[in-house]
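Enquirer: just need the structure, nothing else, for what follows:
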Amino acid sequence: MPGSPLDIVSGIDTAWSHTPAAQVTWLADSLARGYPEAGRHYWAFRTWGLLVWQPVYLTLAGMHLKRLGISPECISQQVSHCMVWGCRIADHTPIEEDEITLLDITAPRLRACMSTLFQTCNGVLALHPKAADRLFADYVMGALLRIKELRQDWSAAHTVDWAERWLTALDLNGAGGLLRYKHDAGHDQLALDRKVCCLVYKCHDGALCDTCPKIPLAERLAGLAGSRSAT
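Expert: Numbers count the residues shown, from 1 in each chain. As a prediction, this is how the structure comes out:
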């Protein structure tokens with residue numbers, strides 16, 4: 001996460017999975033004030049996404065870039081107006097294993113943290129569990145696409161294989177995935193295979209993502225083939 005404030009500290013007050021309901025409400029309310037036109041479903045989706053993306057990226061990056069299993073319970077986040085940006089990690093001894101073993105160890109812990117946070121968010125935002133899982137899956141897939149850029153040994157097929165492993169391990173089968181397509185130069189490329197719209201287009205300055213499921217698949221693939229963007 002280039003530029004993200006990231007500190008290793010002796011201990012944290014509150015892990016991200018135990019974000020208080022009052023803080024979830026405050027974040028959602030700040031989005032409602034900032035984007036009143038977008039509506040409550042967008043505020044709920046965006047609040048959930050902001051609270052989960054950093055722990056997902058940190059967990060997967062630790063595993064696939066450093067062969068380290070970071071404990072998701074040791075991560076806290078900085079919440080501000082319309083944004084969650086920056087993390088603190090409580091100093092701890094990470095697990096050092098091969099990637100497959102780390103997946104088996106880390107995925108259930110990450111899923112448990114997500115479930116804990118969902119209970120709080122659902123009570124505040126009335127967030128649908130299927131939508132929450134699909135947004136969660138998009139961040140997992142997004143992290144893998146970012147990691148692929150940094151792992152020269154990862155082919156498109158290799159990345160898709162890891163995507164399937166993560167989705168299965170997190171009990172997210174069918175909630176997300178990766179699209180394979182060829183760029184106009186003939187190279188194999190990957191993009192998010194989203195299963196839910198993030199609703200950012202409802203904001204006054206928003207638009208449909210290139211990979212939005214509201215766009216027919218054939219149109220998505222045609223657009224991606226002619227563009228280097230895979231958002």
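
Enquirer: use CA for all of it now, contacts and neighbours both
Expert: Fine.

Enquirer: residues contacting the residue nearest the centre of the chain?
Expert: Nearest residue to the geometric centre of the chain (C-alpha atoms, centre = their mean): residue 139, 2.0 Å. Residues counted as contacts of residue 139 (C-alpha atoms under 8 Å, 6 or more residues apart in numbering) are 52, 53, 56, 57.

Enquirer: in helices, which of the residues you listed appear?
Expert: In this view, the contacts of residue 139 that belong to helices under DSSP state H are 52, 53, 56, 57.

Enquirer: need those residues in a markdown table (columns: neighbour count).
Expert: What follows is the ones in helices among the contacts of residue 139, written out as a markdown table (neighbours: other C-alpha atoms under 10 Å):
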| residue | neighbour count |
| --- | --- |
| 52 | 22 |
| 53 | 19 |
| 56 | 21 |
| 57 | 20 |
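
Enquirer: follow-up on the earlier one: kindly confirm my reading that the residue nearest to the centre of the chain is in a helix.
Expert: Yes. Per DSSP: H, G, I helix; E, B strand; the rest coil, residue 139 lies within a helix segment.

Enquirer: distance of it from residue 107?
Expert: 14 Å (C-alpha to C-alpha, to the nearest Å).

Enquirer: out of the contacts of residue 139, which comes closest to residue 223?
Expert: Lowest distance from residue 223 to the contacts of residue 139 (C-alpha to C-alpha) belongs to residue 53, with 25.8 Å.

Enquirer: how about the closest one: what's its closest non-neighbour residue?
Expert: Closest residue to residue 53 apart from its sequence neighbours, by C-alpha to C-alpha, 6 or more residues apart in numbering: residue 139 at 5.8 Å.

Enquirer: ditto for residue 61
Expert: Using C-alpha to C-alpha, 6+ apart, the closest residue to residue 61 is residue 147 (6.8 Å).

Enquirer: any idea which element the one you found lies in?
Expert: Using DSSP states H and E, the element containing residue 147 is helix 129-150.

Enquirer: buried stuff in that helix?
Expert: Burial within helix 129-150, assessed by neighbour count using 16 or more other C-alpha atoms under 10 Å, is assigned to 131-145, 147-148.

Enquirer: and the strand or helix carrying residue 26, what does it pack onto?
Expert: Under the criterion of DSSP H and E, residue 26 resides in helix 21-34. If you count contacts as 3 or more C-alpha pairs under 8 Å, 6 or more residues apart in numbering; DSSP states H and E, helix 21-34 packs onto helix 40-66, strand 75-80, helix 99-125.

Enquirer: list the buried residues of that helix.
Expert: Going by neighbour count (16+ other C-alpha under 10 Å), the buried part of helix 21-34 is 21, 24, 25, 26, 27, 28, 29, 30, 31, 32.

Enquirer: low pLDDT regions in this structure?
Expert: For the chain, the stretches with pLDDT under 70 are 1-2, 184-185, 228-231.

Enquirer: distance to residue 7 added to the ones in helices among the contacts of residue 139, as a markdown table?
Expert: Shown next, in a markdown table, are those (distance: C-alpha to C-alpha, whole Å):
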| residue | distance to residue 7 |
| --- | --- |
| 52 | 18 |
| 53 | 17 |
| 56 | 17 |
| 57 | 15 |
